[in-house]
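A.B. asks: pasting the structure only:
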């Protein structure tokens, strides 16, 4: 039986293969589960067992999205998020906090630390994939906008030189 031809990929889907996601959780089973859920996206997935290792990895090689547990030893997800969002080199990286905390105060604290979104444990695979795709699309669109603005700035500067 002939294969049914596939239509074009939805806009933005092809970009996920170029994306790098960092998953941060001190629980090895949680890390394995999150990585397994994300593998179908075709992204490069890195892991870190705590916040300090996560910061080292982000400084060594930037990423497009961070999934961040809140309750970890050595440095909480709140602290990691605050540090990343206060650094001009990393502040635009979207952060999705993955947490078992459900109190309003915890959510407020996450928002104050700069998180872009939350997902509750136990994680639902479809919800995780949907939120990750959405945040990756926003990240890539921001990159395209930044490149376009830089190009327009160069064109404008060239036009000014020609006029002088």
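C.D. replies: Looks like it arrived, so ask away. What you see is a predicted model, and the numbers here were worked out from it, not measured in a lab.

A.B. asks: when you work out contacts or count neighbours from here on, use the C-alpha atoms and nothing else.
C.D. replies: Will do.

A.B. asks: show me where the protein has strands.
C.D. replies: 20-24, 44-48, 65-69, 95-99, 117-120 (DSSP state E).

A.B. asks: now mean pLDDT and mean neighbour count too, for the ones you listed, in TSV please.
C.D. replies: Formatted as TSV, the strands of the chain follow (pLDDT from 0 to 100; neighbours: other CA atoms under 10 Å):
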stretch	mean pLDDT	mean neighbour count
strand 20-24	98	24
strand 44-48	97	18
strand 65-69	97	26
strand 95-99	94	24
strand 117-120	92	18
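
A.B. asks: centre-most residue in this structure?
C.D. replies: By CA atoms, centre = their mean, the mean C-alpha position of the chain lies nearest to residue 65, the distance being 1.3 Å.

A.B. asks: that residue and residue 47: what is the separation?
C.D. replies: Taking CA to CA, to the nearest Å as the measure, residue 65 falls 12 Å from residue 47.

A.B. asks: repeat for residue 149
C.D. replies: Separation of residue 149 from residue 47 (CA to CA): 33 Å.

A.B. asks: swap in residue 135?
C.D. replies: 18 Å.

A.B. asks: so residue 64 makes contact with residue 18?
C.D. replies: No. Counting by CA atoms under 8 Å, residue 18 is not a contact partner of residue 64; they are 9.3 Å apart.

A.B. asks: point out the other helices and strands that the least confident helix or strand in the chain by mean pLDDT packs with.
C.D. replies: Of all helical and strand segments in the chain, the minimum by mean pLDDT, DSSP states H and E falls on helix 104-113, at a mean of 87. For helix 104-113, the packing partners by 3 or more CA pairs under 8 Å, 6 or more residues apart in numbering; DSSP states H and E come out as helix 77-86.

A.B. asks: what helices or strands is the helix it packs on leaning on?
C.D. replies: Using 3+ CA pairs under 8 Å, 6+ apart as the contact test, the elements touching helix 77-86 are helix 51-60, helix 104-113.

A.B. asks: can you rerun that using 6 Å?
C.D. replies: In terms of contacts (3 or more CA pairs under 6 Å, 6 or more residues apart in numbering; DSSP states H and E), helix 77-86 is packed against helix 104-113.

A.B. asks: cheers, nothing more for now.
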